[in-house]
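Chemist: Structure of the sequence below:
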Amino acid sequence: QVQLVESGGGSVQAGGSLRLSCAASGVTFSNYVMGWFRQAPGKEREFVAAISRSGTRTHYADSVKGRVTISRDVAKNTVELQMNSLKPEDTAVYYCAARYTAFVVPDLPVDSTYNYWGQGTQVTVSS
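Modeler: A predicted model of the protein is given here:
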């Protein structure tokens, strides 16, 4: 049974930092491209970042580029999202996702290309 479990969410003030983590089980972790998405209240889910199977390639949404870093630890079966300089508009539920298909940049923001999803973790940024 595949499980993706996010942790690390919370409430911070604008300008602060959070580090989200996603632990994967039930899959051969190194076979999957991993991504982070988020969904704010009343809005559609949107892509945040993705990382290749090897961890050597990353891709970010323009809205977070320069403030967010995605990384993965194959030995621990985890993928992390370091978020700095947080803004109120970053407030959302953040989801971890895994896709078996290749790291193709135009496809990475398409949530239907991901095979597995976590339950999400809430991030709230106050001004």
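
Chemist: Next up, the contacts around the residue lying closest to residue 2 once chain neighbours are set aside.
Modeler: The shortest distance from residue 2 to any non-neighbouring residue, by Cβ to Cβ, 6 or more residues apart in numbering, is to residue 26 (4.2 Å). (Glycine included, C-beta is placed from N, CA and C.) The contact partners of residue 26, taken as Cβ atoms under 8 Å, 6 or more residues apart in numbering, are 1, 2, 3.

Chemist: any chance of these in CSV, plus pLDDT?
Modeler: Formatted as CSV, the contacts of residue 26 follow (pLDDT from 0 to 100):
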residue, pLDDT
1, 84
2, 88
3, 95
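
Chemist: Of those residues, which is the nearest to residue 19?
Modeler: residue 3 (20.2 Å; Cβ to Cβ).

Chemist: Just grab the bridge partners of that closest one for me.
Modeler: residue 25 (DSSP bridges).

Chemist: neighbours of it, just the number please.
Modeler: Counted by other Cβ atoms under 10 Å, the residues lying close to residue 3 total 12.

Chemist: Do I have it right that it meets residue 24?
Modeler: Yes: under the criterion of Cβ atoms under 8 Å, residue 3 makes contact with residue 24 at 7.2 Å.

Chemist: returning to what we had before: if we take the contacts of residue 26, which one ends up nearest to residue 30?
Modeler: Using Cβ to Cβ, the contacts of residue 26 come closest to residue 30 at residue 2, 14.4 Å.

Chemist: Tell me who's in contact with the closest one.
Modeler: 24, 25, 26, 27, 98, 116.
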